[in-house]
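Enquirer: How does the following fold in three dimensions:
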Amino acid sequence: MVPKDAPRPDIATRALADLLRDIVANGRKPIETPDISDTVAVHELRKAFKRWRALMRLIAPTVGDEAEEMRIAARDLAREIAAARDIRAAQEALADLGDDTPALTARSRAAIGERLAQLGASAEAIGLTPERKARIGEMWTLAAAAVERWPLQSFDRAEAAQQLAASYRRVCAAIPEDWSEVSPDALHRLRQRVVEHRYQMELAEPLWPKLMRLWVSEAQRLRDRLGAHQDLVILERLTQPNQPLARWRSQLAPLIVERRAAHVKGANRLAGRLFAEKSKAFRQRLASLWEHRAHQRD
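Expert: Down below sits the predicted model:
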């Protein structure tokens with residue numbers, strides 16, 4: 001029981017604890033909800049794992065090695081249940097090419113869709129097994145206990161501004177200097193950093209809800225652009241010799257090249273707008289917002 005005269009937790013400490021508990025609660029739902037389909041459960045679990053991993057990287061300097069260990073455990077479990085992810089990505093990429101594409105006949109599109117559906121059904125069958133559900137449940141139980149045990153009071157508003165700025169700096173470092181020559185691997189690494197930053201910025205929402213929700217929304221748009229590009233890379237990979245879609249390569253290849261270029265252009269525009277300021281200025285702005293919000297609370 002907390003004494004009546006105990007100091008109030010720092011506003012950033014309280015926001016972090018609330019966010020971590022929310023992630024754990026949402027991570028448990030897909031494995032505890034009856035009659036939920038594996039497809040929906042896997043989607044919700046992957047989202048919860050990404051949120052958890054992003055926060056573990058953010059608080060590792062405060063919490064220590066255990067946060068990094070829990071981040072890696074969540075990453076490994078996410079990989080285990082992602083057997084069908086590449087096929088779903090290819091399906092989304094096919095839809096992203098659009099219906100009005102004379103180079104791809106309706107008959108070919110239907111045949112490609114059917115082939116991908118067959119591959120997806122086979123992959124789904126090995127995804128969320130009862131044994132995996134049990135291990136995922138155990139991970140969230142350990143996570144819930146850790147949240148109550150960790151010294152989160154050390155993660156005050158100054159530390160929050162510093163670590164969020166470090167995340168911002170990692171994104172900036174991953175932004176290509178020359179978008180016209182950027183490789184798929186470089187864009188994939190940028191997307192990973194953007195995903196982390198997008199979920200970490202949920203911590204700052206209490207500072208200025210309207211602005212921070214807009215920031216997260218823009219980061220999500222950038223993530224979606226980069227993700228759509230990666231989906232097209234996966235679809236293109238499936239058209240290589242001896243791959244399931246090889247017979248349709250001549251029809252798909254030029255469409256994929258054109259659409260990937262459009263996503264690169266869009267991502268360039270979004271990244272330039274969202275990450276325009278220096279990381280030092282970003283940190284100072286966050287620090288000022290945390291201080292202002294703390295004084296309002298007091």
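Enquirer: low-scoring stretches of the stretch 1-150 of the chain, by residue?
Expert: 1-7, 124-127 (pLDDT under 70).
Enquirer: Restrict stretch 112-122 to CA atoms and write it as CSV.
Expert: Taking Å, rounded to 0.1, in the frame of the first residue of the first chain, the C-alpha atoms of stretch 112-122 are listed here in CSV:
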residue,chain,number,x,y,z
ILE,A,112,-2.0,-16.0,-59.2
GLY,A,113,-4.5,-15.3,-56.4
GLU,A,114,-5.5,-19.0,-56.3
ARG,A,115,-1.9,-20.1,-56.1
LEU,A,116,-1.1,-17.7,-53.3
ALA,A,117,-4.2,-18.9,-51.4
GLN,A,118,-3.0,-22.5,-51.6
LEU,A,119,0.4,-21.5,-50.3
GLY,A,120,-1.2,-19.4,-47.5
ALA,A,121,-3.4,-22.3,-46.4
SER,A,122,-0.4,-24.6,-46.1
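Enquirer: How far away from the center of its chain is that stretch?
Expert: 25 Å (Cα atoms, centre = their mean, to the nearest Å).
Enquirer: ok, residues contacting it?
Expert: Applying Cβ atoms under 8 Å, 6 or more residues apart in numbering, the external contacts of stretch 112-122 come out as Ala84, Ile87, Arg88, Ala90, Gln91, Leu94, Pro244, Leu245, Trp248, Leu252. For every residue, glycine as well, the C-beta is placed using N, CA and C.
Enquirer: so what's the closest residue to His188 other than its chain neighbours up against?
Expert: In space, and not counting its chain neighbours, His188 is closest to Gln230: 5.7 Å by Cβ to Cβ, 6 or more residues apart in numbering. Contact analysis of Gln230 by Cβ under 8 Å, 6+ apart lists Ala89, Pro184, Leu187, His188, Arg191.
Enquirer: cool, Ile36 as well?
Expert: Contacts of Ile36 (Cβ under 8 Å, 6+ apart): Pro30.
Enquirer: returning to what we had before: closest to Asp224 among the contacts of stretch 112-122?
Expert: Arg88 (14.7 Å; Cβ to Cβ).
Enquirer: mind checking how far that closest one is from Leu245?
Expert: As for Arg88, its distance to Leu245 is 15 Å (criterion: Cβ to Cβ, to the nearest Å).
Enquirer: still on that earlier bit, which strand or helix spans the residue nearest to His188?
Expert: helix 209-237 (DSSP states H and E).
Enquirer: residues of that helix that come out buried?
Expert: 212, 215-216, 219, 221-236 (16 or more other Cβ atoms under 10 Å).
Enquirer: where does Pro34 fall, phi/psi-wise?
Expert: phi -70, psi 150 (degrees, to the nearest 10).
Enquirer: any idea how far it lies from Lys133?
Expert: Pro34 is 12 Å from Lys133, by Cβ to Cβ.
Enquirer: So which of these two has more stuff around it?
Expert: Neighbour count, other Cβ atoms under 10 Å: between Pro34 and Lys133, Lys133 has more, with 17 against 4.
Enquirer: Was I right to think that one contacts Ile31?
Expert: Yes: counting by Cβ atoms under 8 Å, Lys133 touches Ile31, with 4.8 Å between them.
Enquirer: need the helices for this protein, in chain order.
Expert: 11-32, 38-63, 65-80, 85-96, 106-124, 130-149, 157-174, 184-200, 209-237, 249-274, 279-297 (DSSP state H).
Enquirer: Show me the contact partners of the last one.
Expert: Residues outside helix 279-297 that contact it (Cβ under 8 Å, 6+ apart): 10-12, 157-158, 160-162, 164-166, 168-169, 172, 204, 206-208, 277.
Enquirer: and the angle for that helix with helix 209-237?
Expert: Orientation check (axes from the mean of the first three to the mean of the last three Cα atoms, to 10 degrees): helix 279-297 against helix 209-237 gives 140 degrees.
Enquirer: can you give me the mean pLDDT across helix 279-297?
Expert: Helix 279-297 shows an average pLDDT of 89 in the prediction.
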